[in-house]
Structure formats: C-alpha cells, structure tokens
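Peer 1: Next come a sequence and a model predicted from it.
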Amino acid sequence: MYRLKAKQQVPITLEKAWNFFSNPKNLATITPDKLGFNIRTELPEKMYPGMMIVYTVKPVLGIPMTWVTEITQVREKEFFIDEQRVGPYAIWHHQHFFKEVEGGVEMTDIIDYQLPLAPLGNIGHFFVKSELKKIFGYRITKMEELFGKMGEAEMEFLSL
C-alpha cells in the first residue's frame, strides 16, 4: 500500500471551497486534459453518500479505461471520501478534508492506494508515483489559478 498526501491553502471561504469540490462536475476542471477524463453518468449539483460516478480515463498510453468511484462518506464542509469500485487500482481510497484557516481554507487530500497484481505490480510504482505527482501538481496549480495562492503547497508519498 502507498499513500499520497497533498495539502494546499487557498484564499477563499469554506463555503466556496465546499461548493466547488462537492459538485462532482468540477472534477473535470481540475483533471489534466491529457487523461481524457470523461464523465459518463448524469450528475447532480451536490454529491451524496452512495453516489456512483462512472467515467473514462486514459492513464496509460492513451488507452481508454472505465473508472467507477463511489462517494462513501460526506460531512458537509468538513470532508468527503471516494473509493474506486472499478478501475486501474487494486485499492483506491481518497479522503478530501477542508479546514478554515486564517485568510482562507486548507484542503488536504489523502489517497491510500495499492497497485494491481501485488507484489509484482509494485514494480510499476515508480511510473504511477510520477503520474500521480503530475496529476496532483496540476490540481494545485489549477486551484491557484481559480482561487489564488496562500503559501506553498505540500505533497508527499509514503509506503504503508
């Protein structure tokens, strides 16, 4: 198992941050175009526990793949969790936390994941780690473009 933890502060209200991230349609806005991200399900304006999202991504060599995530938990203006049900990972558990701080909001993403075919699949972790770093780096940059910047963002990878 591996963990990616990314933290960023933006100069917006907690309400504005929550409204942006709790709208599943905005996921496409913060995903790099090169991933070919395409939502295939009708989505409401607000997520809710049990909501399934089906989309297509092209994570490797432009080959399209179906990814299905379920929103498993939501606590208004505090956190939500999505988990992969179908997709490229053996395990994908993504926690999104929101905390009001002086001058804005601190957002923390914690992703616990395992590659398929472990332990053999772990050989590819160097590539996966590099791609995740690019994807979350893009997300950080996009959030700064949309809402501004407060301090330096952080990103770290751990083996669990």
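Peer 2: On my side now, so go ahead. Numbers count the residues shown, from 1 in each chain.
Peer 1: Which neighbours in the sheet does the lengthiest strand in the chain have, and how are they oriented?
Peer 2: Ordering each strand of the chain by length in residues (DSSP state E) puts strand 63-75 first. Strand 63-75 has these partner strands in its sheet, going by DSSP bridges: strand 52-60 (antiparallel), strand 79-86 (antiparallel).
Peer 1: Buried residues, that strand. List them.
Peer 2: 67, 69, 71-72, 74 (16 or more other Cβ atoms under 10 Å). C-beta coordinates here come from the backbone N, C-alpha and C atoms, glycine included.
Peer 1: Contacts for the lowest-mean-pLDDT helix or strand in the chain, please.
Peer 2: None of the helices or strands of the chain scores lower by mean pLDDT, DSSP states H and E than strand 52-60, at a mean of 90. Residues outside strand 52-60 that contact it (Cβ atoms under 8 Å, 6 or more residues apart in numbering) are 24, 27, 34-41, 43, 64-71, 82, 85, 88, 131.
Peer 1: Now with 10 Å, please.
Peer 2: 24, 27-28, 31, 34-41, 43, 47, 63-71, 82, 85-88, 124, 127-128, 131-132, 135 (Cβ atoms under 10 Å, 6 or more residues apart in numbering).
Peer 1: which of those residues are buried?
Peer 2: For those, buried by 16+ other Cβ under 10 Å: 24, 27, 31, 35-37, 43, 47, 67, 69, 71, 82, 87-88, 128, 132, 135.
Peer 1: Let me see the contact set for the closest residue to Asn26 other than its chain neighbours.
Peer 2: Excluding the flanking residues, the one nearest Asn26 by Cβ to Cβ, 6 or more residues apart in numbering is Phe20, at 5.5 Å. Counting by Cβ under 10 Å, 6+ apart, Phe20 makes contact with 10, 12, 26, 29-30, 107, 143, 146-147.
Peer 1: If anything else comes up later, I'll come back, but that's it for now.
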